[in-house]
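>>> model the structure of this input:
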Amino acid sequence: MHRRQKGSNIGLLLLLSQIYQVGVSNIPPVTLATLAANVFFFLQPLKRLDKTCISVTECLYRRDWHRLYLSPFHHVDDWHLYFNMASLLWKGIKLERRLGSFWFGYIITIFSLLIGVVYVLLELALAELLDVPSYKQSCAVGFSGVLFALKVLNNYYHPGGSSNVMGFIISNKYACWLELVAIHLLNPRTSFAGHLAGIIVGLMYTMGPLKMLMKACSGGFRSQTDFSEQRNRYNSGPRHYSNERRPYGFWLPPEEPSVEELRRQRLNRFERW
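Numbering: from 1, shown residues only. Got it, this is the predicted structure:
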């Protein structure tokens, strides 16, 4: 890897134009902060790209673990930054409003680290299975792995719909898989393993144990989606007032019965006797 490629920064200008069109006040805080962090590290990188990218050799063998949290927030050039952040802008607005800012920020933090770990394991597996040592030196940077994971989450929380991928109309449920292949074919320099790692982490959250582990580690904090789902289940189901614990960590008091309800209870009591 070399130093960040310098250009005319047209991609950065286009990104700022999109943010202006959406309106800063319409962008939720965590999404806006993530955008700002990526732009800041693009303009003022902490280290050269060859010191921030992740690979089997650098992370696993040389134990340079700080690359796991540096690599997602560094980009090769302004176009790399633009396409990733434009995607984050759309996905972040939808998901953060659905999940809440705390939980969305929690997801960004965990995914950014975990995708790097999965990427290293995938590259190691490819190197060993295919007997191609160069996979161990393959070094990657960028936020696109996290974006693939967020795409899986977005399709999970907003099911239905379809996407046009290279002229093919496909259900959003499977669009990420076609995009995985299409992006690599159109631009072989992109990291196939990095994007696949994002999909795997997204599936670990939506279909595997990751979401439960994150809840356990967060001290029982639940996302807005979990609260909404529990509230909907509670409101739609029969109400039995006892000492069982209710959602939100408190007990709901019984409603005062109406005069008609008291009369019906007395009649039922006499009938049982």
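>>> for Gly145, the count of nearby residues, please.
As a burial measure, Gly145 scores 31 neighbours (other Cβ atoms under 10 Å). Quick note: C-beta positions are derived from backbone N, CA and C, even for glycine.
>>> name the nearest residue to His158, ignoring sequence neighbours.
Distances taken as Cβ to Cβ, 6 or more residues apart in numbering put Lys94 closest to His158, at 6.5 Å, once the chain neighbours are dropped.
>>> quickly note the distance from the one you found to Pro28.
Distance, Lys94 to Pro28, using Cβ to Cβ, to the nearest Å: 10 Å.
>>> of those two, which one has the most company?
Between Lys94 and Pro28, counted using other Cβ under 10 Å, the more crowded position is Pro28 (19 against 16).
>>> so which strand or helix has the nearest residue to that one once chain neighbours are set aside?
Setting aside the residues directly before and after it, Pro28 is nearest to Glu96 in space (Cβ to Cβ, 6+ apart), at 3.9 Å. Using DSSP states H and E, Glu96 falls within helix 78-99.
>>> now what about that helix, what contacts it?
7-12, 14-15, 18-19, 22, 26-31, 34-35, 38-39, 42, 75, 104, 107, 142-144, 147, 150-151, 153-154, 157-158, 223-225 (Cβ atoms under 8 Å, 6 or more residues apart in numbering).
>>> low-confidence bits of the stretch 1-150 of the chain, can you list those?
Applying pLDDT under 70 to the stretch 1-150 of the chain flags the ranges 1-8.
>>> show me where the stretch 151-273 of the chain has helices.
Using DSSP state H, counting those that start in this stretch, the helices of the stretch 151-273 of the chain run over 172-186, 192-206, 210-217, 224-236, 259-272.
>>> C-alpha coordinates for stretch 24-43, CSV please?
Output of stretch 24-43 as CSV, limited to C-alpha atoms (Å, rounded to 0.1, in the frame of the first residue of the first chain):
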residue,chain,number,x,y,z
VAL,A,24,-27.6,18.4,8.4
SER,A,25,-30.5,18.7,10.7
ASN,A,26,-32.2,15.8,9.0
ILE,A,27,-29.2,13.4,9.6
PRO,A,28,-29.3,11.6,13.0
PRO,A,29,-26.4,12.3,15.3
VAL,A,30,-24.5,9.0,15.1
THR,A,31,-24.7,8.9,11.3
LEU,A,32,-23.5,12.5,11.1
ALA,A,33,-20.7,11.8,13.6
THR,A,34,-19.6,8.7,11.6
LEU,A,35,-19.6,10.7,8.4
ALA,A,36,-17.6,13.5,10.0
ALA,A,37,-15.1,11.0,11.4
ASN,A,38,-14.5,9.5,8.0
VAL,A,39,-14.1,12.9,6.3
PHE,A,40,-11.8,14.0,9.1
PHE,A,41,-9.5,11.0,8.8
PHE,A,42,-9.5,11.4,5.0
LEU,A,43,-8.3,15.0,5.3
